[in-house]
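1. just the structure for this:
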Amino acid sequence: MSVKKLASRQSPCLGAHLSITGGLHRALLAALRLGCTTVQVFVKNQRQWVAPALRPADVARWHEVRAENAFGPLVAHASYLVNLATPHRKLRQRSVSAFVEELTRCDQLAVSYLVVHPGAATDGSITRGLARVAAALNEVFRRYPDCRTMPLLETTAGQGRSLGRSFAELAEILSRLEQPQRVGVCVDTCHVFAAGYDLRTRRGYDALVGEATRLVGQERIRVWHLNDCLGTCGSRLDRHAHIGAGTLGRVAFARLLHDARFRGLPMILETPKGTDERGRDWDAVNLARLRRLADRRSDDDNDLAGG
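-> Just a heads-up that it's a prediction; the model follows:
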């Protein structure tokens, strides 16, 4: 049997961004209840620069729950306070220090990937902003050369002065790294759609994957964020919607879930939390929708549109 056919029969590695309130391991337990094989977490309070060190008992409990269950690669998301593109010296140093601290925590938890937004070029210069992101990451690795967790640059919607709305921008950052092999990419479906990549059609999806492969390398894509979009294609509106309930639609997700090139990679929901009108947890609802799409026999546009 070919590798492609074998991969196409494997279940996708689905998860969601889940809370660590009450203890880090709570996110793993919540993931298990949802039937997930991966999870994304914050490894500290993402609204604060400084946080207490991880308690050994919490780290031990995390590893205990993980060892008892069949999880795939686990993912963390960096604090939104971190801005590696900032032109302001004090904020840059604070961002670099915070990012090193989060990588240290990820290593303690054996988390495979730490997703980070490239940041905002608040001086209005994309070119200088991209160079600053690379310089910041170079400093991170100089400060923490033994880091095992891989940072992932996340694609963005391009809202305001945020960087990362195209694979060309990510490629520019990677080209300036002293150790480019240590950094990967996280693709967010809402963000790339809002940035102008029309994933609703086969041609648009193939164009995105082709551009990513050409500019950053397919092997660098390590995580997908699965979010529908409230805005239109190219709107640059970073507003997530429930799967199939936004302007992106279910066909785009089915096509991705059927793509053997990305099977086995963590695919993380970041859709709105809460319950639907029937009192069902939205994460459970969205995961069920994704699993139904993954279980379809075909990723043909006409077949999917009719189901």
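2. helices along the stretch 1-150 of the chain, start to end?
-> For the stretch 1-150 of the chain, the helices defined by DSSP state H, counting those that start in this stretch cover 3-8, 25-33, 56-67, 89-108, 126-143.
3. can you list those helices in a markdown table and add mean pLDDT?
-> Formatted as a markdown table, the helices of the stretch 1-150 of the chain follow (pLDDT from 0 to 100):
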| stretch | mean pLDDT |
| --- | --- |
| helix 3-8 | 34 |
| helix 25-33 | 98 |
| helix 56-67 | 98 |
| helix 89-108 | 98 |
| helix 126-143 | 98 |
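4. now tabulate these in a markdown table and tack on distance to residue 244.
-> Yep, even glycine has a C-beta here, placed from its N, CA and C like the rest. Listed next are the helices of the stretch 1-150 of the chain as a markdown table, based on distance: least, Cβ to Cβ, whole Å:
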| stretch | distance to residue 244 |
| --- | --- |
| helix 3-8 | 22 |
| helix 25-33 | 22 |
| helix 56-67 | 31 |
| helix 89-108 | 32 |
| helix 126-143 | 34 |
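5. so which of the ones you listed comes closest to residue 203?
-> Across the helices of the stretch 1-150 of the chain, residue 203 has its closest neighbour in helix 3-8 (21.1 Å, Cβ to Cβ).
6. of all the helices of the stretch 1-150 of the chain, which one is nearest residue 240?
-> Checking the helices of the stretch 1-150 of the chain against residue 240 by Cβ to Cβ gives helix 25-33 as the closest, at 19.0 Å.
7. in that closest one, which residues are buried?
-> Buried residues in helix 25-33, counted by 16 or more other Cβ atoms under 10 Å: 25-28, 30-32.
8. ranges for the helices of the stretch 151-300 of the chain?
-> 167-175, 189-194, 202-215, 250-257, 282-295.
9. quick one, which of the ones you listed is packed in tightest?
-> When those are scored by mean count of other Cβ atoms under 10 Å, the highest mean neighbour count falls to helix 189-194 (a mean of 28).
10. what's it packed up against?
-> For helix 189-194, the contact count by 3 or more Cβ pairs under 8 Å, 6 or more residues apart in numbering; DSSP states H and E identifies strand 221-226, strand 228-229, helix 250-257 as packing neighbours.
11. in TSV, list these along with distance to residue 281 and mean pLDDT.
-> Converted to TSV, the helices and strands packed on helix 189-194 look like this (distance: least, Cβ to Cβ, whole Å; pLDDT from 0 to 100):
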stretch	distance to residue 281	mean pLDDT
strand 221-226	16	98
strand 228-229	17	98
helix 250-257	19	97
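12. could the ones you listed go into CSV alongside distance to residue 71?
-> Shown next, in CSV, are the helices and strands packed on helix 189-194 (distance: least, Cβ to Cβ, whole Å):
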stretch, distance to residue 71
strand 221-226, 14
strand 228-229, 25
helix 250-257, 19
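13. so which of these gets nearest residue 201?
-> For these, the distance to residue 201 is smallest for helix 250-257, at 8.5 Å, taking Cβ to Cβ.
14. the closest one versus strand 221-226: what angle between them?
-> 160 degrees (axes from the mean of the first three to the mean of the last three Cα atoms, to 10 degrees).
15. what sits against residue 136?
-> 84-85, 92, 95-96, 99 (Cβ atoms under 8 Å, 6 or more residues apart in numbering).
16. list the contacts of the closest residue to residue 17 other than its chain neighbours.
-> Spatial nearest neighbour of residue 17, excluding adjacent residues (Cβ to Cβ, 6 or more residues apart in numbering): residue 40 at 4.3 Å. Listed by Cβ under 8 Å, 6+ apart, the contact partners of residue 40 are 15-18, 74-77, 115, 266, 268, 270.
17. could you find which two of those are furthest from each other?
-> Largest pairwise distance in the contacts of residue 40, by Cβ to Cβ, is 15.3 Å, between 74 and 270.
18. pick out whichever of the two has more residues nearby.
-> Neighbour tally, residue 74 and residue 270, criterion other Cβ atoms under 10 Å: the higher count belongs to residue 74, 24 against 17.
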